[in-house]
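**Q** Here is my input, please return the structure:
(3 chains)
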Amino acid sequence: MEYTSPTFNDKCYELLKNVPKGSVTTYKIIARALNTNAYRAVGNAMKRNQNLLNVPCHRVVNSNGSVGEYILGTEKKIEILKSEGIEITNGKIVDFNNRLFKF
DNA sequence: CCCTTGACCAAAC
DNA sequence: GGTTTGGCCAAGG
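**A** From the prediction side, this is the model:
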């Protein structure tokens, strides 16, 4: 029985589970949703996440609309996003602002 | 407590 | 448009 208070990483993961297929969010939005500005820490959390089946970290992109990195590689990330119905041109999300999930 | 590491960001050049 | 620069904050050593 471990009553360890949830780490920042865990909060990121829980939040991310709310993002539906076909939508994306950004590192900054996640940080803001957690009432902080630790964008970089969010990125770190994603990198440490190995539970890809439960946490859709491929739906987290950069604020400028570019896809960003991924544990399996950017190309793989793009591939997955496209399979979920998101258009990507030249490494950028098409209609980015309209694809963003608002918490 | 200090230092380093980031799947980042925004502004500046 | 790209690249550089400074800043941001949590986590781990």
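**Q** Only C-alpha atoms from now on, for both contacts and neighbour counts.
**A** Noted.
**Q** and the gap between A:N54 and A:T26?
**A** Distance, A:N54 to A:T26, by C-alpha to C-alpha, to the nearest Å: 18 Å.
**Q** Point to the residue nearest the middle of chain A.
**A** By C-alpha atoms, centre = their mean, chain A has its centre lying nearest to A:V60, at 2.1 Å.
**Q** so it bridges to which residues?
**A** Beta bridges link A:V60 to A:T25 when assigned by DSSP bridges.
**Q** What's the separation between it and A:C12?
**A** Distance from A:V60 to A:C12, by C-alpha to C-alpha: 11 Å.
**Q** Hmm, A:F103 is touching A:A33, no?
**A** Yes - in this structure, A:F103 is within contact of A:A33 by C-alpha atoms under 8 Å, at 7.1 Å.
**Q** Counting neighbours, go ahead and name the busier of the two.
**A** Higher neighbour count among A:F103 and A:A33: A:A33, with 15 against 12, using other C-alpha atoms under 10 Å.
**Q** about what we covered before: pick out whichever of A:N54 and A:T26 has more residues nearby.
**A** A:T26 (22 against 12).
**Q** On the pLDDT front, check the more buried one for me.
**A** For A:T26, the pLDDT comes out at 96.
**Q** check contacts around it.
**A** Neighbour list for A:T26: A:V60, A:V61, A:N62, A:S63 [criterion: C-alpha atoms under 8 Å, 6 or more residues apart in numbering].
**Q** Which residues does stretch A:71-80 contact?
**A** So stretch A:71-80 is contacted by A:K47, A:H58, A:V67, A:G68, A:E69, A:Y70, A:I88, A:G91 (C-alpha under 8 Å, 6+ apart).
**Q** For chain A, which segments count as helices?
**A** A:8-16, A:27-33, A:39-48, A:74-83, A:96-99 (DSSP state H).
**Q** Buried deepest among these, which one?
**A** helix A:27-33 (a mean of 20; mean count of other C-alpha atoms under 10 Å).
**Q** Can you give the contact residues for that one?
**A** Contacts for helix A:27-33 (C-alpha under 8 Å, 6+ apart): A:12, A:15-16, A:37-40, A:42-43, A:60-63, A:103.
**Q** List the residue ranges of chain A that fall below the pLDDT cut-off.
**A** Scanning chain A with the threshold set as pLDDT under 70 gives A:1-5.
**Q** Thanks a lot, see you next time.
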